[in-house]
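Asker: predicted model, plus sequence, below.
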Amino acid sequence: MPSYADELEKQFAAADTTTIAAAPLDLPGDHPLRLKGYSPVLLSSCVCVTDPCPCDDPDGPIVWLLDGDVRKRVAAKGKNKAGEALYEYHLARDAFVIIETFARTKAGTLVASGDKTSALRRSAFNRLMRMRGSDSAGGLIARAPGSSYGGQECGGGTLYDVYVELDGAGGTVFYYQAVGSC
């Protein structure tokens, strides 16, 4: 028979824990977030327990979990739509995660007119300047109050500009903007 103290401790732990179902992703060790102690997982929108899988929704997004915030990782009984094994990640309820998001847009919006290569470079540069902003001396400043340019990091052969922003709940949000090769 379980003891009262053991069951009470389990209930306290459950009340302070969030559980997500996700598939771990392979990643080279030199990725900027991996170097900061994060691991990527593919969040599952549906768990398959039969063949064929009845799930229609695509998996995603990619979520980065700080290794120290994962209290427990347990193999789940199901798989995702792609057939990959899922794990239950038990996280502290107040743990911060990084979610990769992508914006879908028409390619024509990137190139206004003229030479496509230089127009693409201008578009990327203008977008970068809008994100950073600039002061009267032409120097770069943060793009909004509470955010700052955190420098550049190299990971997996890609050079990233890093922006750091407070999320209003006491956490920090990191934005990685690919800007070139390294």
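Answerer: Right, received. Where do you want to start? Here the structure is a predicted model, which is why all the values come from computation and not from measurement.
Asker: quick one, strands of this structure?
Answerer: Remark: strands assigned in the chain by DSSP state E are 17-24, 38-43, 62-66, 70-79, 85-92, 97-99, 147-155, 158-166, 172-181.
Asker: residue ranges in the chain under the pLDDT threshold?
Answerer: Scanning the chain for pLDDT under 70 picks out 57-58, 103, 108-147, 167-171.
Asker: report the central residue of it.
Answerer: Ile99 (2.8 Å; CA atoms, centre = their mean).
Asker: quick one: that one and Leu42 touch, right?
Answerer: No - checked against CB atoms under 8 Å, the pair Ile99 and Leu42 is beyond contact range at 11.6 Å. All C-beta atoms are positioned from the backbone trio N, CA, C, and that covers glycine.
Asker: okay, and the common contacts of these two?
Answerer: By CB atoms under 8 Å, 6 or more residues apart in numbering, Ile99 and Leu42 have these common neighbours: Pro61, Ile62, Val63.
Asker: contact partners for the first one?
Answerer: Residues near Pro61 by CB under 8 Å, 6+ apart: Leu42, Leu43, Ile99, Glu100, Thr101.
Asker: for the fourth one, give me phi and psi.
Answerer: In terms of degrees, to the nearest 10, the main-chain angles of Glu100 are phi -80, psi 130.
Asker: hmm, back to that, just send the contacts of Pro61 back as JSON lines, with distance to Lys79 too.
Answerer: Supplementary listing: the contacts of Pro61 in JSON lines, determined by distance: CB to CB, whole Å:
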{"residue": "Leu42", "distance to Lys79": "12"}
{"residue": "Leu43", "distance to Lys79": "14"}
{"residue": "Ile99", "distance to Lys79": "22"}
{"residue": "Glu100", "distance to Lys79": "22"}
{"residue": "Thr101", "distance to Lys79": "25"}
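Asker: just give me the closest of these to Ile20.
Answerer: Leu43 (6.4 Å; CB to CB).
Asker: among the contacts of Pro61, name the buried ones.
Answerer: Buried subset of the contacts of Pro61 (neighbour count, 16 or more other CB atoms under 10 Å): Leu42, Leu43.
Asker: pick the one among the contacts of Pro61 closest to Ala21.
Answerer: Leu43 (7.7 Å).
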